[in-house]
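S.K.: here are the coordinates; sequence isn't available:
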């Protein structure tokens, strides 16, 4: 996940270069871009263009979950990013300017912001506006896209469903104009009992490949577990612990909870090989360790009641996540949530105090981790407008670029 921001930038550059290559060849070498201006109240010191709202939301969620009261200016920054219609862009440099038809809205940013604001409390109006906007951009097939108006994909559909559930909605009752429910949209992305290879059965895909085949995608699968179970990113340790099982055939994928358990079985089986997930990053010939999706898989397995199936991956994270998460609020926040989900002390995670490290990336909290008492979530019961639209068009045009863009946050780079 360290490269998620880089992946997004690469995808954007790839789209831009297709149309601008002739001019670029004739132009002199461009000077280095100016250093990004980091707004007061925002977590992280790197360019927030693609993940400002995402990383802020995860930082605030993690702090709230372990009993650290976030800085008021950090909460105000997130609230101020919301547009009048309830949606969020990935980042707005000038939050005082009204959103308009050039604003590139982001379902993922909106969904995770809804979760964070719900957890923080006292933001009911903002939460309702966010939920209403998400409902308004549901596709006819019941699912959601990263960029509204483009084809649905498994990851965004899952992230939105989790936000709806956290906000108190019933995803089965959230239906498109064509009458398709959110869960119908989600289950269309699961590889069922006829999938080949058999090892992929139970997994969820991002989008079909050009040949029509739906490849298994760990990112979408981990998100789908939470969505199918009606849970958000904050998972409290389960009272029971059982091994994950394979997708129940032939009937398992018809029910969201059963589908989630089948997806958890896929993750558990995939993790057995190395104790972590892998991914092919841009420019690499061979798969490398995917720290971010491994952390997501741990949270998903814990949510499904399978802590023991996540044990090896949790230990791998303790030993291998420090460099990946360094100075990255989204990565540190995700690790805090993984620790919380498994009943692990986030202040002693492979020799790292995740809470202190997270607090250091943003405004000083109102309470310190030394005095705060952990508490449960009360709801427990991924600048230039033309560039944005070009990136959005690229997302809609090709699954490869879409995967890179949707995957940018889970690399938790900032």
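M.R.: Nice, thanks for sending it over. Here the structure is a predicted model, which is why all the values come from computation and not from measurement.
S.K.: and the residue lying closest to residue 327 once chain neighbours are set aside, how many residues sit next to it?
M.R.: Once flanking residues are discounted, residue 327 sits nearest to residue 361: 6.0 Å by Cβ to Cβ, 6 or more residues apart in numbering. C-beta: built from backbone N, CA, C; applies to glycine. Number of residues near residue 361 (other Cβ atoms under 10 Å) recorded here: 21.
S.K.: also residue 141?
M.R.: Residues contacting residue 141 under the criterion other Cβ under 10 Å number 15.
S.K.: what of residue 137?
M.R.: Neighbourhood size, residue 137 [other Cβ under 10 Å]: 17.
S.K.: contacting residues for it?
M.R.: 87, 105, 107, 144, 148, 149 (Cβ atoms under 8 Å, 6 or more residues apart in numbering).
S.K.: could you check the pLDDT of it?
M.R.: On the pLDDT scale, residue 137 is placed at 98.
S.K.: ok, now the one 10 residues further on?
M.R.: In this prediction, residue 147 carries a pLDDT score of 96.
S.K.: that one: neighbour count?
M.R.: Residue 147 has 25 nearby residues by other Cβ under 10 Å.
S.K.: got it, and the one 3 residues further on?
M.R.: A count of neighbours around residue 150, defined by other Cβ under 10 Å, yields 18.
S.K.: could you measure from it over to residue 116?
M.R.: As for residue 150, its distance to residue 116 is 25 Å (criterion: Cβ to Cβ, to the nearest Å).
S.K.: number of nearby residues for residue 198?
M.R.: As a burial measure, residue 198 scores 12 neighbours (other Cβ under 10 Å).
S.K.: quick check: phi and psi at it.
M.R.: When read as degrees, to the nearest 10, the backbone of residue 198 gives phi -60, psi -30.
S.K.: which ones are touching it?
M.R.: Taking Cβ under 8 Å, 6+ apart as the definition, residue 198 has no contacts.
S.K.: give me the pLDDT value at it.
M.R.: So residue 198 comes in at 94 (pLDDT).
S.K.: so, low pLDDT: which residues of this structure?
M.R.: For the chain, the stretches flagged by pLDDT under 70 are 1-33, 35, 250-253, 368-414.
S.K.: how about the strands in it?
M.R.: For the chain, applying DSSP state E gives strands covering 278-279, 288-289.
S.K.: so what strands line up beside the last one?
M.R.: Paired strands of strand 288-289, with direction, are strand 278-279 (antiparallel) (DSSP bridges).
S.K.: correct me if wrong: residue 173 contacts residue 184.
M.R.: No. Counting by Cβ atoms under 8 Å, residue 173 sits too far from residue 184 to count as a contact (11.6 Å).
S.K.: who's more crowded, the two?
M.R.: residue 184 (18 against 10).
S.K.: how close does that one sit to residue 162?
M.R.: Per Cβ to Cβ, residue 184 is found 16 Å from residue 162.
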